[in-house]
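Student: Okay, sequence plus prediction incoming.
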Amino acid sequence: MKVLVTGGAGYIGSHVVLDLIEAGHEVVILDDMSLGCMENIHNQAEFIEGSTLDETMLDDVLSKNIDAVVHLAAFKAAGESMIHPEKYSQNNLNGATNLLNAMMKNDVKTFVFSSTAAVYGYPEYLPVDEAHPLKPINYYGFTKLSIEEMLKWYDQLKGLKFAALRYFNAAGYDVNGRVMGLEKSPQNLLPIVMEVATGQRNSLDIFGNDYKTKDGTGVRDYIHVNDLASAHVKALEYLQDNDSFTVNLATGEGYSVLDVIHEAEAVTGKKINYTIVDRRAGDPAELIATSNLAEELLDWEAKYSDLNTILKSMWNVYNQEENHD
Ligand code: UDP
């Protein structure tokens, strides 16, 4: 298939492109390079620098025999989305609308969408399954949920076939070292821990150690980007003969902030200094999910998402001279 990957130069996108090419697909990357990394653009992919806000360009790209679209281009910082919701309306909502409309115009009917655990909001039960209530607590989650809703309507009204993939905590780098460019301005726990290990930061803040979890710190379900990537390829192939679907991509296993720090010390051989500070607003104590549906529908399983593999694959990238000058 000839697949357009928006955000294909980004952190998750560059891993998705690797897997698509390995599976024999032809890839066109569209990325505005606001968060993308030139170094991670696959040399066998066609690259177009541009934005999903450029409707003329989208129409042009989609008129060139594209069979399917994998849409990852979006802003994803939940905190920022509460301060600048307009940025998220513009980039995430308008971008997805433009893309879908250009697809409909050019009769491209297969869509794999990068969604998020943020569509659920605070977990009402654990592990979270796809039937869990959808009550986002940040604007970022709202934009992703709105697009999911739009996809259902386009399915009904226009014959779109979509896969909405709800990622839990994405982490890690390609286990074979093929993606070596660091994610731009990462704001999540694992990259921050890596920056402490390399000495770029002196220490990290742990947001609360009085949660009702095994050691008082927040527990999350970390999923390796290689596992996320393989699910995109399987989703695309599944949609050729099957109906639209929405699934979680997670492991069902939770690790606390202290688990991450201790494992990172073992993997890197460095001391990870930290300070306990107040809880961060909007953080649930624990968030883990079941991916039974993805396993069943896609014959997918997480293979690289144990904490040790995740952290080793990250250290391989962070522990390079050029990445912490
Ligand atoms: N966390 C932390 N210090 C940091 C960043 C994150 O203690 O500098 C905690 C956060 O409270 C949560 C976990 O690490 O329990 C994962 O947070 P992250 O921001 O990576 O992802 P989130 O689950 O918020 O999407």
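Tutor: That came through, no problem. Keep in mind that what you see is a predicted model, and the values were worked out from it rather than measured.
Student: mind listing the helices for the protein?
Tutor: 11-22, 55-62, 78-83, 85-88, 95-105, 139-158, 189-198, 225-238, 257-268, 292-298, 307-318 (DSSP state H).
Student: wait, does the third one make contact with the ligand?
Tutor: In other words, helix 78-83. No: using Cβ under 6 Å from any ligand atom, helix 78-83 stays clear of the ligand, with a minimum separation of 6.5 Å. Every C-beta, even on glycine, is put in place using the N, C-alpha and C of the backbone.
Student: buried residues in that helix?
Tutor: 78, 80-81 (16 or more other Cβ atoms under 10 Å).
Student: now what about that helix, what contacts it?
Tutor: 75, 87-88, 118, 138-141, 143, 187, 282 (Cβ atoms under 8 Å, 6 or more residues apart in numbering).
Student: just the buried members of these?
Tutor: Buried among the contacts of helix 78-83 by 16+ other Cβ under 10 Å: 75, 88, 118, 138-141, 143.
Student: ok, now which ones touch residue 258?
Tutor: 206, 209, 215, 217.
Student: With respect to the ligand, which of the residues you listed is nearest?
Tutor: Relative to the ligand, the closest of those is residue 206; by Cβ to the nearest ligand atom it sits at 4.3 Å.
Student: and the closest residue to the ligand within the chain, how many neighbours?
Tutor: Nearest residue of the chain to the ligand: residue 218, at 2.2 Å (Cβ to the nearest ligand atom). By the other Cβ atoms under 10 Å criterion, the neighbourhood of residue 218 contains 24 residues.
Student: repeat for residue 203
Tutor: If you count neighbours by other Cβ under 10 Å, residue 203 ends up with 12.
Student: Disregarding flanking residues, what is the spatial nearest neighbour of it?
Tutor: residue 273 (3.7 Å; Cβ to Cβ, 6 or more residues apart in numbering).
Student: ok, now which ones touch the one you found?
Tutor: Counting by Cβ under 8 Å, 6+ apart, residue 273 has contacts 196, 202-204.
Student: now residue 220
Tutor: 168-169, 189, 254-255, 286-288.
Student: Max pairwise distance over the residues you listed: which two?
Tutor: Pairwise distances across the contacts of residue 220 peak at 15.0 Å for 189 and 288 (criterion: Cβ to Cβ).
Student: returning to what we had before: you'd agree the residue of the chain closest to the ligand is up against residue 211?
Tutor: Yes: because the distance of 6.1 Å satisfies Cβ atoms under 8 Å, residue 218 is recorded as touching residue 211.
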